[in-house]
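A.B. asks: Take a look and give me a structure for this.
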Amino acid sequence: MSSKEISAHPPAGKTVKPAKPRGPRGHLPSSPQRPVKMLSAREIMLHLHNEHKYMSKLLNILREQMELIDKGETPDLAIMLDVASYMGEYSDTSHHPKEDVIYRKLSECGDAHKAEVVSLLIDHEASNKKTETLLASIRDAQRDATRDSLKILRLRCEDYIASLNRHMDLEESRVFPRILEALSDDDWTDIISEIQPGIDPLFGRIVEQRYQDLSRAISSEMERAAEDFAMAELVGLGAAMENIGAIATYSNNIGKVLGKHFRQAYKSNVVAFRKLRGAKSRNATDYVSVTVDCMLNNYDTCTDAMRDIGKILRKARTQIAEPYTSRLRIYHDMARSPADSTKVDGDE
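C.D. replies: Alright, predicted model coming up:
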């Protein structure tokens, strides 16, 4: 699908100051001479997918603050207010309406889609109300951060995060692929005339001043995730290198135990049958009795071998786990904030 362009040209033979053309919904382009690029169908769906990723980052910020409440600490209510404000001022009023345009067009493709579309539209309305409720809870906590107000805030955060994640998972896994399959070029022509990219105050090229703190919080959360991943790799690699010798040693010990017990069983079996042959017995019952005795001795040998191997494995597990636990302990001590260290020292 080719992109459409809107441009203005002065009448021939006249020097006329060009009027500023208006784009969809009456928005003025940044420059009167610059064409406005219309998004294609796949570009629109990619745009919506990216907005889901942005919303997931914000939900992670909310989850971090919710976990602070679980620990009995006071969350950063200002950051929580920024998250809820962005969700109300952009996601609920820009992202969801763009999806609504597409969903209504999808409902025209057949009765099979209507019930699902109605459910999605209801979810969007519910999301708007949940955002308003969350904002009210945050403001209540800002006025008076009592135990009850924080408990209510925590419950509303949990519900908000769960409902939005569930809704976005449904859209990404089922609805978006179905849209690309079901809608025709003519359908997208109607949709594209209504949906155009807007200016994102947080994830756009320029972060608005009111969202600077939230932008820094998102960056910090991403940096922490990257550091945790890098440290996990470092801990795992270092501990694995340290354990190579231990694994080799315990493997060798297991081999020795198995060899020792099976040599003993073999010798016992050979001795028993040699005695039977030396006695020159012609009674078949004697041979059956010796065979059964050897089998029982072999069973006892296997039991003893497994018991000794179990002791080795338990000791090996402790020694192999130690490099990981010690490294993780060091890492958590390094990662713990100075405030946390002071609190722990004061508690002691």
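
A.B. asks: mind listing what's buried in stretch 254-263?
C.D. replies: For stretch 254-263, burial by neighbour count (16 or more other CB atoms under 10 Å) applies to 254, 257, 261. Any C-beta I mention is one placed from the backbone N, CA and C, and that applies to glycine too.

A.B. asks: so which strand or helix has the closest residue to residue 130 other than its chain neighbours?
C.D. replies: Spatial nearest neighbour of residue 130, excluding adjacent residues (CB to CB, 6 or more residues apart in numbering): residue 160 at 5.2 Å. Per DSSP states H and E: residue 160 is located in helix 147-170.

A.B. asks: for that helix, packing partners?
C.D. replies: helix 41-70, helix 111-143 (3 or more CB pairs under 8 Å, 6 or more residues apart in numbering; DSSP states H and E).

A.B. asks: Just the residues contacting it, thanks.
C.D. replies: 52, 55-56, 59, 62-63, 65-66, 69-70, 74-75, 80, 120, 123, 126-127, 130-131, 133-134, 137-138, 140-141 (CB atoms under 8 Å, 6 or more residues apart in numbering).

A.B. asks: Kindly report the same for stretch 260-279.
C.D. replies: Stretch 260-279 has contacts (CB under 8 Å, 6+ apart) with 286, 287, 290, 293, 294, 297, 298, 301, 302, 304, 305, 308.

A.B. asks: For PyMOL, what selects the buried ones among those residues?
C.D. replies: Buried residues among the contacts of stretch 260-279 (16+ other CB under 10 Å), as a PyMOL selection:
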select buried, resi 290+294+298+301+305+308
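
A.B. asks: Make TSV out of the contacts of stretch 260-279 and add distance to residue 170, secondary structure and pLDDT.
C.D. replies: Formatted as TSV, the contacts of stretch 260-279 follow (distance: CB to CB, whole Å; DSSP: H, G, I helix; E, B strand; the rest coil; pLDDT from 0 to 100):
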residue	distance to residue 170	secondary structure	pLDDT
286	76	helix	71
287	73	helix	72
290	71	helix	75
293	68	helix	77
294	66	helix	80
297	64	helix	79
298	60	helix	80
301	60	helix	79
302	55	helix	84
304	58	helix	80
305	55	helix	78
308	55	helix	80
